[in-house]
Structure formats: C-alpha cells, structure tokens
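Chemist: take a look and give me a structure for this.
(chains A and B)
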Amino acid sequence: SAVISQKPSRDICQRGTSLTIQCQVDSQVTMMFWYRQQPGQSLTLIATANQGSEATYESGFVIDKFPISRPNLTFSTLTVSNMSPEDSSIYLCSVEPQGYNEQFFGPGTRLTVL
Amino acid sequence: RKEVEQDPGPFNVPEGATVAFNCTYSNSASQSFFWYRQDCRKEPKLLMSVYSSGNEDGRFTAQLNRASQYISLLIRDSKLSDSATYLCVKTGRRALTFGSGTRLQVQP
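Modeler: Just a heads-up that it's a prediction; the model follows:
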C-alpha cells in the first residue's frame, strides 16, 4: 500500500488569499491525483500530476486557479488561488502505486474560506 | 447526466439486516469498477473491486452487469461498524469517477 500525508490538515482562510496544500507519499509513484470534495458531495477530480510534466486539468478547473507542482516522485503541491467561499471544500491527494489496482488517498485538507 | 449515479439514501437498517445498494453508470468503455467506503470526516478507502462474474468478500458481495451498466453491493448481517457512505466508482478518462455515495446507518 501507500502511506500518504497532507499538510495542512485544515485551515481557515480569508477570501482573496491563496493556500498551498502539500502531499507526501512514502514511496515513489508515477501519477498523483488531486480531488475536491465539497460539503455533502462526492469526489471530483481536479487534475492529474505527473513528475516532469505539466498537470492535466479536468473540465472546469484551470491552472491559474489551481496551480500544481510535482517536483519529484513522492511529493506534490496544490495551490488554491484567490480563494472565495465557494472554494470551501476538502482537498484530497491520491496515488495508484505500480502493481495495485487501487487508489490510496491522503487524509484530506479541510479548507474553509470566509 | 452524471457518469455514476447512486441513491444517496440514507439507508437506516437494524443490525443483522441485509441491505443492497445499486449504482448505474454511463460510458460503457469504463474498464474497472469498485466500491469505496468513506467514514465521516475520513478519506475514501477501497472496499472491493467489482467483476462481471460477481465477487464476494465475507459479508459483502459485489456484482457488475455490463449490459445494463449496473453495479450492486450487498451487505449481509449488517454490523454497527458498517455505518458509512459507500461510493460507487469507475475508472474514468484519467483517474476515478465517483458516484455521490449512499449513506448507510446501521442501528442497534
């Protein structure tokens, strides 16, 4: 399996500011994914982050709003830029290690924007 | 139309009951299907994969019907610890596509 940690676990932010969420995995993985789970909703994929290339964003998500870094095979960051209350959500990173037909999720970052 | 549709519930059942969840999906090109479990304020975790031949893991049985684009999960002899949200999941274009989840509450 994969052990994933995220920082911060939660934050309360003012509108107009930005927050960077970190995701650390205990093993090297090719693909990392960032999801959003809004209150009472299921998970929605934001983007796929591969090491050494630009992230691939899903419809409705853009790089200017959610810039992603993937500097190595065990780490990624997601920034939520120019936040508004509508960005209040749980943000989760996940990985699918080689040989596993399963994705493992981090514990999530609970973001509240005032 | 959502790619994965589930009845949100909640399903309130007594301990020991058998409960079944259903899920329908669009995009017949999807290859793999799963049931994930998400406890309150926790991340999702894989419960089981779903195969056309049907598969069983203890009290849990999952079934996939590709012709009808339908997935089911059956839980027998429900336990209090089964209370959670059950997410129907399929492989999407790049990652996983999640249903909105079905909430189960098992009562003593």
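Chemist: okay, CA-based contacts and neighbour counts for the rest of this
Modeler: Noted.
Chemist: count of neighbours near the closest residue to chain A within chain B?
Modeler: Proximity of chain B to chain A (Cα to the nearest Cα) peaks at B:S100, 4.5 Å away. B:S100 has 23 neighbours, counted by other Cα atoms under 10 Å in any protein chain shown.
Chemist: so it sits against A:Q38, correct?
Modeler: No. B:S100 is beyond contact range of A:Q38, at 10.8 Å (criterion: Cα atoms under 8 Å).
Chemist: measure the residue of chain B closest to chain A to A:T44 for me?
Modeler: 10 Å (Cα to Cα, to the nearest Å).
Chemist: tell me, what's touching those two both at once?
Modeler: By the contact definition Cα atoms under 8 Å, 6 or more residues apart in numbering or on different chains, B:S100 and A:T44 are jointly contacted by no residue.
Chemist: got the residues of chain A near chain B?
Modeler: A:33, A:41-45, A:48, A:92, A:102-108 (Cα under 8 Å from any Cα of the partner chain).
Chemist: max pairwise distance over those: which two?
Modeler: A:Q41 and A:E102 (21.3 Å; Cα to Cα).
Chemist: say whether chain A is contacted by the helix or strand of chain B with the lowest mean pLDDT.
Modeler: Least confident helix or strand, chain B: strand B:96-98 with a mean of 90, by mean pLDDT, DSSP states H and E. Yes. Judged by Cα under 8 Å from any Cα, strand B:96-98 and chain A are in contact via B:96-98.
Chemist: hmm, back to that, higher neighbour count, A:Q41 and A:E102?
Modeler: Counted by other Cα under 10 Å, A:Q41 and A:E102 do not tie: A:E102 has more neighbours, with 19 against 14.
Chemist: distance of that one from A:R10?
Modeler: 26 Å.
Chemist: what is the neighbour count of the residue of chain A found nearest chain B?
Modeler: Going by Cα to the nearest Cα, chain B is nearest to A:S42 of chain A, at 4.5 Å. A:S42 sits with 17 neighbouring residues when counted by other Cα under 10 Å.
Chemist: next, the contact list for the closest residue to it other than its chain neighbours, please.
Modeler: Residue nearest to A:S42 in three dimensions, not counting chain neighbours: B:S100, with 4.5 Å by Cα to Cα, 6 or more residues apart in numbering or on different chains. The contact partners of B:S100, by Cα under 8 Å, 6+ apart, come to A:41-43, B:4-6, B:8, B:87-88.
Chemist: sounds good, over and out.
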